[in-house]
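In: return atomic coordinates for the entry below.
(one chain, ligands or ions: 2)
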Amino acid sequence: MSPAMVGAAAEASNDESQFQKGVKHLCEKAISRVPGKYILPVHERPGRAAIGNDAARVDEGRKLMSLPMVDFAELRSSSDRPRALKSLAEACEQYGFFQVVNHGIPEEVIGGMIDASTRFFGQPYEERARYMSSDMTSPVRYGTSFNQSKDKVFCWRDFLKITCEPMPQVLPHWPSSPPDMRNVVALYAKETKCLFLKIMEAILESLGLPLPATGRGSVCEDGGIMTQFEEGSQLMVSNFYPPCPEPELTLGMPPHSDYGFLTLLLQDRVPGLQILHGDNWVTVKPIPGSFVVNVGDHLEIFSNGRYKSVLHRVLVNSTESRISVATLHSLPKECTVSPAPELVDEANPRRYMDTDFASFLAYISSCEPKKKNFLESRKLPS
Ligand SMILES: O=C(O)CCC(=O)C(=O)O
Ligand SMILES: [Fe+2]
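Out: Ligands and ions are numbered 1, 2, ... in the order given. Next up is the predicted model:
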């Protein structure tokens, strides 16, 4: 190799290690162009739909869409509940997404979680890097992109993933800085878990599955499914998307679906989340204090395909950073998910094979978890 080549190779590998430190770190040296590492192939770029691009004002993706609304005040009222359950079912069938209002989680808990995440990402790199790990089973993982050890093109996101259960065992591993982080996360995890359970009850009812549920054969054999959800897995992901000089060339997150039953997503007031509705990417209008809830792969399987785990992605913009906090809920990791027997009959044959968390981990470790690959791999031939 010529000395010049050695120099170029060394520079390239240095660059690689820069990218491994995350987007926030990269942006600390004022940059005016997006480095090649983040530039998507032309057909995968958000293009004119990117927020913050003036040419996009007339573009479809630029219009903010209000998701179907699920009002907990209605779900709590016995006279309004049937109508609210019907809208919930329609939202899960047609959008895979809905917006929850009047959920009862105090404003301080919600504001506190966004604030603590903002302060976590605001810390010096060395403090955040204490939690960097490539071990998928680690209770805390700080990282960047989607899967930084596999992605060829990086996305414009840094993240903090926190396992929330069993809380007494995992809490001592959570970030100790900012000093109130553990308390804020613990409170937020408990509140979102409670809300998840209430939404799941409504979802089971909307699917025509009677409550209280006891020993449904499709999940862990002992106890009803609600008991299993109470003991189920919960992963919290705080996402940080710094402003991006060329937002039309990259994405904060590539198109993907979420693996669990439901994801409860809190976003700040900056738009960015897009869902695939029909053939169009539509940008979700943030409603402060509410939750965006989406159907995950496990619920699509459990409902035998009636409720849809829909692809979504995240746009970045040139002026403002954005923070979101997703909590992903499912059954305990050792449980198997399969279509509910009540939803399988001659007219609706079983459409998915059984799946469990171990097979999901094995899948994402072996290939890129882009798009709906994992769910596709669980589909039975029709
Ligand atoms: O930031 C967002 O709005 C979406 C994040 C997301 O899809 C995820 O964390 O799985
Ligand atoms: Fe997601």
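In: Val284 pairs with what?
Out: Here Val284 sits in beta bridges with Met65, going by DSSP bridges.
In: and it, what does it touch?
Out: When contacts are counted by Cβ atoms under 8 Å, 6 or more residues apart in numbering, Val284 touches 64-65, 67, 97, 267, 271, 273-275, 292. Yep, even glycine has a C-beta here, placed from its N, CA and C like the rest.
In: show me which residues of this protein sit near ligand 1.
Out: Selection of the chain residues close to ligand 1 by Cβ under 6 Å from any ligand atom yields 237, 239, 253, 258, 265, 267, 272-273, 312, 314, 324, 326.
In: before we move on, back to that, give the ChimeraX command for selecting the buried subset of the contacts of Val284.
Out: In ChimeraX syntax, the buried subset of these is picked out as below (16 or more other Cβ atoms under 10 Å):
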select :65,67,97,267,271,273,274,275,292
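In: need the contacts of Val284 in a markdown table (columns: pLDDT).
Out: Below are the contacts of Val284 laid out as a markdown table (pLDDT from 0 to 100):
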| residue | pLDDT |
| --- | --- |
| Leu64 | 91 |
| Met65 | 93 |
| Leu67 | 96 |
| Phe97 | 98 |
| Gln267 | 96 |
| Pro271 | 96 |
| Leu273 | 97 |
| Gln274 | 96 |
| Ile275 | 96 |
| Val292 | 98 |
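In: how about CSV for the contacts of Val284, with distance to Ser149 and secondary structure added?
Out: Formatted as CSV, the contacts of Val284 follow (distance: Cβ to Cβ, whole Å; DSSP: H, G, I helix; E, B strand; the rest coil):
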residue, distance to Ser149, secondary structure
Leu64, 35, strand
Met65, 35, strand
Leu67, 33, coil
Phe97, 30, strand
Gln267, 27, strand
Pro271, 30, coil
Leu273, 25, strand
Gln274, 26, strand
Ile275, 28, strand
Val292, 29, strand
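In: closest to Met181 out of the contacts of Val284?
Out: Nearest to Met181 among the contacts of Val284: Gln267, at 19.6 Å, using Cβ to Cβ.
In: wouldn't the closest one be in contact with Arg322 here?
Out: Yes - between Gln267 and Arg322 there is a contact under Cβ atoms under 8 Å: 7.3 Å.
In: overlap of the contact sets of these two?
Out: Joint contacts of Gln267 and Arg322 (Cβ under 8 Å, 6+ apart) do not exist.
In: returning to that earlier point: for the contacts of Val284, which one is nearest ligand 1?
Out: Ranked by distance to ligand 1 (Cβ to the nearest ligand atom), the contacts of Val284 are led by Leu273 at 3.5 Å.
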